[in-house]
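Student: Sequence below, structure please.
(chains A and B)
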Amino acid sequence: MARIGVFVCWCGANIASTVDVKRVAEASAGIPGVVRSVEYKYMCSDPGQEMIREAIRERKLTGVVVAACSPRMHEVTFRRAAREAGLNPYLLEMANIREQCSWVHPDRKEATLKAIDLVRLMVEKVKRNTPLYEIRVPVTQRCLVIGGGIAGIQTALDIAEGGKEVVLVEKDPSIGGHMAQLSETFPTLDCSQCILTPKMVEVRQHSKIKLYTYSEVEEVSGYVGNFKVKIKKKARSVDLEKCTGCGECMNACLTRNQPEIRPPKDARDGLTAEEMEVVEEFIARYGAEPSSLIQVLQDVNLRFRYLPENILRYLAQRLGVSLPKVYHVATFYTAFSLQPRGEHTIKVCLGTACHARGAPLVLAEMERVLGIRPGHTTPDLKFSLETVNCVGCCALGPVVVVDNDYHSVKPSKVEALLSRYQ
Amino acid sequence: MNNDGKGKRFESIGQFLAFQQELISSRDPKRRLVLVCRGTSCLYANKSDRIVEAAKREIEKRGMAGQVEVKATGCLGFCEQGPIVLIRPQGIFYPRVKEKDVPRIVEESVLQGRAVEELLYTDPSTGTKVVYEGEIPFYRKQMPLVFGHNKEIDPKNIDDYIAIGGYKALARVLSEMTPEQVIDIVKASGLRGRGGGGFPTGRKWESCRKAKGERKFVICNADEGDPGAYMDRSLLEGNPHSVLEGMIIGAFAIGCEEGFIYVRQEYPLAVEHFRMALQQAEERGLLGENILGTGMKFRVKIARGGGAFVCGESTALMASIEGKPGEPRAKHIHTVERGLWDLPTNLNNVETWANVPLIINRGADWYASLGTEKSKGTKIFSLVGKVNNTGLVEVPMGITLREIIYDIGGGIKEGKRFKAVQTGGPSGGCVPESLIDLPVDFERLTEAGSMMGSGGMIVMDEENCMVDIARYFTGFLKDESCGKCTTCREGLVQMYAILTEITEGKGTEEDLSTLEDLCWLIAEGSLCQLGGSAPNPVLSTLRYFRSEYEAHVRDKRCPAGVCKALVRYYIDQDKCTGCTLCLKRCPQGAIEGERKQVHRIVPEKCVKCGICREVCNFGAVVRE
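Tutor: Predicted coordinates for the structure are as follows:
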């Protein structure tokens, strides 16, 4: 037979100012199985807890419901009190009539009715609870950290310093991750590598950390506290104990194409024979000097319809301009594109005369029909759309140039124009 | 007859002059010619090459190939009416010629000297047909001293240029003058830079000559970035030698052996023609080693732009030639002392160079007699926008805006009302109707809040919104800013944002004074004239059209009907015939209505693309 005790807390004014706690206690007394139902100002206080203990002992309660704040606050408190009084702590539940009731509903009548319902729900639950017993399970005192970026590195170090063993697995040949690729960190503008590399060294040297680089987690089984993990160590063919990282092996390697690590050391290797011939022809026109860069890029851009990365790297090497400077030039001038352009290039003139004659409406219609904005290419690579500031054909305005054809266009004629190039 | 410009090399000045004399006398001034305009517009859009081919075919067919020459020329200026065909010696003028008209033109005009009535130009103000080129109103008030030669020559043939007296100035300079004398003549002429700066050319040459250093450069600035301006392009395409001759004379005066021409990326035909000109000039000994046997050395290289407006600025242009991004530098040391590769460099605009042979040939006094007190000579303008006769016009300095827009330009298109004329490109401003009698002159335009600029003249009517125009220019400059100076880079972004909000009906009264503050700040803090003159479009429109701004911010109204957020389209019940044309053409399906019933535009779906208004034959779609 159930013998449930209900304890409704005022929580000072937090609950009581909205919920009629006396009413809740009265209503709860009428629930089948409830043999005691009281309200009190602060259930979590010592006297409050003593009320619970006393009721358990004297009234021989088989279950308790404390209607108060969130269980995150005092569930532990009340369950300890229950245990002390000889009641299995898992036969005590809390009904949250604060965060889920008094704090979120302004209407007194409605809040009270809801609180009564909440208590009743919990009473019914507690009637069906079974006693639970904690057990101690041994936990393997080792942990696995997956990922050797800064987060993984710091985690491994924190746990190792706490006296536990750590296994750190990283899929790349080295730990460090993105932070190792940055020059400065925000907001202090610390030198990224200066603060990272000491940690990397510490990881490597820590007696409690076992580091697996160039490795991946293959399989995880088991359960919390007792996992079983299979780690694949990718074939390195290098004895890490002896390796000093001098890089001579990379230089000597005959099949050294490691695009995932870095582009070929000699940019010539990035070009096919045909590409080389074409580019050299361009260079011959202007001379292999830094000042020829823009002219050569013009020819490359025309021939290949954009500026491919391998050719930019080659030009940097060949013309004696640093790669960042090549990119500075390539991105400064709008004539150049770093992405492949479509089969047809559409240029909508936005010169003043064309603007005065309604070019923005033509552009809007063009965007609508093609579904792309200027500077982009249609997904089927058919059309690239650009704007240009004056092609000098103002008498025809608004002017749209498709490849080398100049057209005088009105918004209503855009679709017809494009269909000519399908 | 029509050789391709190849010929013997001139080993001396005397040899050249003799050749020129002979060439001139061998060309009958009354010989029969069919001149067809092959400027970029007419070539690519109107396919004038087909007309050239058709004319040649027809003449072949009639066995007249030996007696009539078909010449493809550069731009003939009256672009609104292109492609133009001129029949010589009579001077019969045919506008908007189509390939199918050619047989008739050849049969009647070339063979029989008669005009084909239906194909002639109709003067819109009188309604009558005009036969001869000299009587076309567009041309009558012009003074095409520089540009006029376009119709005399095939730009791909150096002999044509020589036959009209080309390179005579160079011959004179090399045989009779010292460099200092040349500079004195250019100074006395009063020639000022035609690219926008208006700096006295003779003075610039003199400073460059005096600058320390052995190795110097002359540069021709053919970047012509101002949208709406294409005079330089047409000069380069139509008469490249006039520019080249000017450069050679300049190189002589300054004392240098190397020259560059920096042509913007968007002008492939100009590059092609100039390249041919360089080649032919070199072959004939007018350029390169030992020019006309005098020992003078001078070579020109072509550099192409990469699509950056800022590269029209001299220091940015030079950075670009050096293969770097076009970022200007501060000019406390002028480029005449430290320019390209830190060496003395004299940079001039295309039109400026083209004026030089003219000045040498006709004399400084003659040149100084044209124009106004401080602005001498002529200027080529690109008269575009809402004007009837769009095209390139060359007029003496001092002519009024009214004469240009109405007498030459033929007034406003479709009979609308004139609102403003924008001069000077993005660095200039808008001049309202109240100032339409302003004489065109460097100082007067600057006083009015605009500037001469490179010569772009964009005419606007009542359907242009001045706030939208200010926003357009600010947006243009914002995109073209190189980014070096914070005030320009960030200030233009903010100005654009404010102007955009105003056009969307979200502007406030306070925004107008914020704009004025920003204008001052941007001009103060920028080291080049892109930023320095960026405020002009905004300031001039605020000055003359403040009421329009106020309508936008106070009443949330766009009086011109341009700003999409502030206008709406609706159908006039009285005019709609229910023809369903607009309904069918509406891309958003925003028009509803039955056949023969008045249609209605659904405001929620309307994106204000304007297509319905465009296609309606009854004027029933209203925009307000």
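
Student: Identify the residue of the stretch 51-200 of chain A closest to chain B, quick one.
Tutor: A:L189 (19.8 Å; Cβ to the nearest Cβ). Where you see a C-beta, it was placed from the backbone N, CA and C, and this is true even at glycine.

Student: Low-confidence stretches in the chain?
Tutor: Just going to use chain A. Across chain A, the ranges flagged by pLDDT under 70 are A:254-264.

Student: Please refer instead to chain B.
Tutor: B:1-6.

Student: Chain neighbours aside, what residue packs nearest to A:E99?
Tutor: A:S70 (4.8 Å; Cβ to Cβ, 6 or more residues apart in numbering or on different chains).

Student: Next, count neighbours for the closest residue to A:S215 other than its chain neighbours.
Tutor: In space, and not counting its chain neighbours, A:S215 is closest to A:K233: 4.7 Å by Cβ to Cβ, 6+ apart. Counted with other Cβ atoms under 10 Å in any protein chain shown, residues neighbouring A:K233 total 11.

Student: List the residues that contact A:Q339.
Tutor: A:Y306, A:T377 (Cβ atoms under 8 Å, 6 or more residues apart in numbering or on different chains).

Student: which SS state does it fall under?
Tutor: coil (DSSP: H, G, I helix; E, B strand; the rest coil).

Student: ditto for A:V229
Tutor: strand.

Student: re the thing from before, so the residue nearest to A:S215 touches A:Y214, yeah?
Tutor: Yes - here A:K233 reaches A:Y214: they are 7.0 Å apart, a contact under Cβ atoms under 8 Å.

Student: if we look at stretch B:350-358, which residues are touching it?
Tutor: Under Cβ under 8 Å, 6+ apart, the answer for stretch B:350-358 is B:145-146, B:166-170, B:186, B:191, B:193-195, B:201, B:220-222, B:224, B:231-232, B:235-236, B:239, B:242-243, B:245-247, B:249-250, B:367, B:377, B:379-380, B:455.

Student: Where does the stretch 501-624 of chain B get nearest to chain A, residue-wise?
Tutor: Closest residue of the stretch 501-624 of chain B to chain A, Cβ to the nearest Cβ: B:I611 (4.6 Å).

Student: A:P131: how many residues sit nearby?
Tutor: By other Cβ under 10 Å, the residues close to A:P131 number 10.

Student: Please identify the helix or strand for it.
Tutor: Assignment of secondary structure by DSSP states H and E places A:P131 within no helix or strand.

Student: Can you give me the distance of it to B:G312?
Tutor: 88 Å (Cβ to Cβ, to the nearest Å).

Student: give me phi/psi at the residue in the stretch 201-350 of chain A that chain B sits nearest to?
Tutor: Across the stretch 201-350 of chain A, the shortest distance to chain B (Cβ to the nearest Cβ) belongs to A:Y333, at 2.8 Å. Phi and psi for A:Y333, reported as degrees, to the nearest 10, are phi -90, psi 130.

Student: Point out the residues in the stretch 451-600 of chain B that sit beside chain A.
Tutor: By Cβ under 8 Å from any Cβ of the partner chain, the residues of the stretch 451-600 of chain B that approach chain A are B:456, B:458-460, B:464, B:469, B:472-473, B:476, B:480, B:482, B:585, B:587.

Student: From those, which land in helices?
Tutor: B:I469, B:Y472, B:F473, B:F476, B:E480, B:R585 (DSSP state H).

Student: Show the contacting residues for the fourth one.
Tutor: B:F476 makes contact with A:L350, A:N389, B:P227, B:F309, B:P426 under the criterion Cβ under 8 Å, 6+ apart.

Student: Wait, a strand at B:Y570?
Tutor: Yes - assessed with three-state DSSP, B:Y570 lies in a strand.

Student: what about the strands in the stretch 351-500 of chain B?
Tutor: Assigned by DSSP state E, counting those that start in this stretch, the stretch 351-500 of chain B shows strands spanning B:378-385, B:391-396, B:418-423, B:429-432, B:456-461.

Student: Just give me the longest helix of chain A.
Tutor: Chain A, longest helix under DSSP H: helix A:108-128.

Student: for that one, packing partners?
Tutor: strand A:4-9, helix A:21-29, strand A:63-68, strand A:92-96 (3 or more Cβ pairs under 8 Å, 6 or more residues apart in numbering or on different chains; DSSP states H and E).

Student: can you redo the ones you listed as a markdown table with distance to A:A267?
Tutor: Formatted as a markdown table, the helices and strands packed on helix A:108-128 follow (distance: least, Cβ to Cβ, whole Å):
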| stretch | distance to A:A267 |
| --- | --- |
| strand A:4-9 | 75 |
| helix A:21-29 | 80 |
| strand A:63-68 | 72 |
| strand A:92-96 | 67 |
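
Student: Could you save the ones you listed as JSON lines and add columns showing mean neighbour count and distance to B:T503?
Tutor: Below are these laid out as JSON lines (neighbours: other Cβ atoms under 10 Å in any protein chain shown; distance: least, Cβ to Cβ, whole Å):
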{"stretch": "strand A:4-9", "mean neighbour count": "28", "distance to B:T503": "61"}
{"stretch": "helix A:21-29", "mean neighbour count": "20", "distance to B:T503": "61"}
{"stretch": "strand A:63-68", "mean neighbour count": "29", "distance to B:T503": "59"}
{"stretch": "strand A:92-96", "mean neighbour count": "25", "distance to B:T503": "54"}
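
Student: For B:Q181, which of these is the nearest?
Tutor: Nearest to B:Q181 among the helices and strands packed on helix A:108-128 is strand A:92-96 (102.1 Å), distances taken as Cβ to Cβ.

Student: Could you check the angle that closest one makes with strand A:63-68?
Tutor: Strand A:92-96 and strand A:63-68 meet at an angle of 30 degrees, taking axes from the mean of the first three to the mean of the last three Cα atoms, to 10 degrees as the criterion.

Student: quick one: strands adjacent to strand A:92-96?
Tutor: Using DSSP bridges, strand A:92-96 pairs in its sheet with strand A:63-68 (parallel).

Student: What is the burial count for the residue of the stretch 51-200 of chain A closest to chain B?
Tutor: When neighbours are counted by other Cβ under 10 Å, A:L189 comes out with 9.

Student: ok, now A:V137?
Tutor: 9.

Student: how much space between it and A:Y223?
Tutor: In terms of Cβ to Cβ, A:V137 sits 9 Å off from A:Y223.

Student: Mutual contacts of the two, please.
Tutor: Counting by Cβ under 8 Å, 6+ apart, nothing touches both A:V137 and A:Y223.

Student: Helix or strand for the residue sitting furthest away from the middle of chain A, just tell me which one.
Tutor: Using Cα atoms, centre = their mean, the residue of chain A lying farthest from its centre is A:E58. It sits 55.9 Å away. Assigning secondary structure by DSSP H and E places A:E58 in helix A:46-59.

Student: Using PDB, list the CA coordinates for that helix.
Tutor: Extracted as PDB, the C-alpha positions of helix A:46-59 are listed here (Å, rounded to 0.1, in the frame of the first residue of the first chain):
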ATOM      1  CA  ASP A  46      17.500  22.100   8.000                       C
ATOM      2  CA  PRO A  47      14.100  22.300   9.500                       C
ATOM      3  CA  GLY A  48      12.600  21.500   6.100                       C
ATOM      4  CA  GLN A  49      14.700  18.500   5.700                       C
ATOM      5  CA  GLU A  50      14.000  17.400   9.200                       C
ATOM      6  CA  MET A  51      10.300  17.600   8.400                       C
ATOM      7  CA  ILE A  52      10.800  15.000   5.600                       C
ATOM      8  CA  ARG A  53      12.900  12.800   7.800                       C
ATOM      9  CA  GLU A  54      10.400  12.900  10.700                       C
ATOM     10  CA  ALA A  55       7.500  12.200   8.300                       C
ATOM     11  CA  ILE A  56       9.300   9.200   6.800                       C
ATOM     12  CA  ARG A  57      10.000   7.700  10.300                       C
ATOM     13  CA  GLU A  58       6.700   8.500  12.000                       C
ATOM     14  CA  ARG A  59       4.300   8.000   9.100                       C
END
